[in-house]
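In: Sequence and predicted structure are below.
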Amino acid sequence: MGAPVLTVSPAAEKFMRRLVRFGGGPGAGIRLHVSGGGCSGYMSEFSVEAAPLEGDAVVDVNGLRLFLSAQSIPLLDGVTVDCVDSPMQSGLTFSRAHGAPCACGSAAGGHPPAKASISLASLKRR
């Protein structure tokens, strides 16, 4: 399976570049791992990695390297990655314009766009 078609907002790109600059070396990137979390949405985590793991897809976003786990690829296809920094929330958000509000796929149409978040607390250091 190829890399997903995903959109990264300028704010998310800036946020991820800052993480790589302070936590990685040459060739480093952001590893995104997203998995289904039932009706509550998605479980996700990200980390700065020196290189992709075996089986990861590598997506180039204006020179920023994203390492996507194989499990994450179908879940990230068609997703927009953005960055939120407010008093109530800080971190990456994922939204799909035409998604159901739950990951189990049993929801009927007519719901608002699906959205999941990754907080800064989920950043893993390796």
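Out: Done, it's in.

In: What residues of the longest helix seen in the chain count as buried?
Out: Among all segments of the chain classified by DSSP state H, the helix with the greatest residue count is helix 10-23. For helix 10-23, burial by neighbour count (16 or more other C-beta atoms under 10 Å) applies to 12-13, 15-16, 19-20, 23. Every residue, glycine included, has its C-beta placed from N, CA and C.

In: And stretch 77-95, by the same measure?
Out: Within stretch 77-95, the residues scored as buried using 16+ other C-beta under 10 Å are 79-83, 91-95.

In: from those, which single one is nearest residue 44?
Out: Closest approach to residue 44 among those (C-beta to C-beta): residue 94, at 7.1 Å.

In: all helices of the chain, in order?
Out: Using DSSP H, helices in the chain cover 10-23, 73-76.

In: Can I get these in TSV including mean pLDDT and distance to residue 51?
Out: Putting the helices of the chain into TSV (pLDDT from 0 to 100; distance: least, C-beta to C-beta, whole Å) gives the following:
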stretch	mean pLDDT	distance to residue 51
helix 10-23	92	12
helix 73-76	85	18
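
In: do you know which of those helices lies nearest residue 62?
Out: Residue 62 lies closest to helix 10-23 among the helices of the chain, at 6.6 Å (C-beta to C-beta).

In: what does that closest one contact?
Out: Identification of contacts with helix 10-23 by C-beta atoms under 8 Å, 6 or more residues apart in numbering yields 8, 28-30, 48, 61-62, 64-66, 81-83, 85, 92, 123, 125.

In: Drop anything exposed from these.
Out: So, by 16+ other C-beta under 10 Å, the buried ones in the contacts of helix 10-23 are 8, 28-30, 48, 61, 64-66, 81-83, 92, 123.
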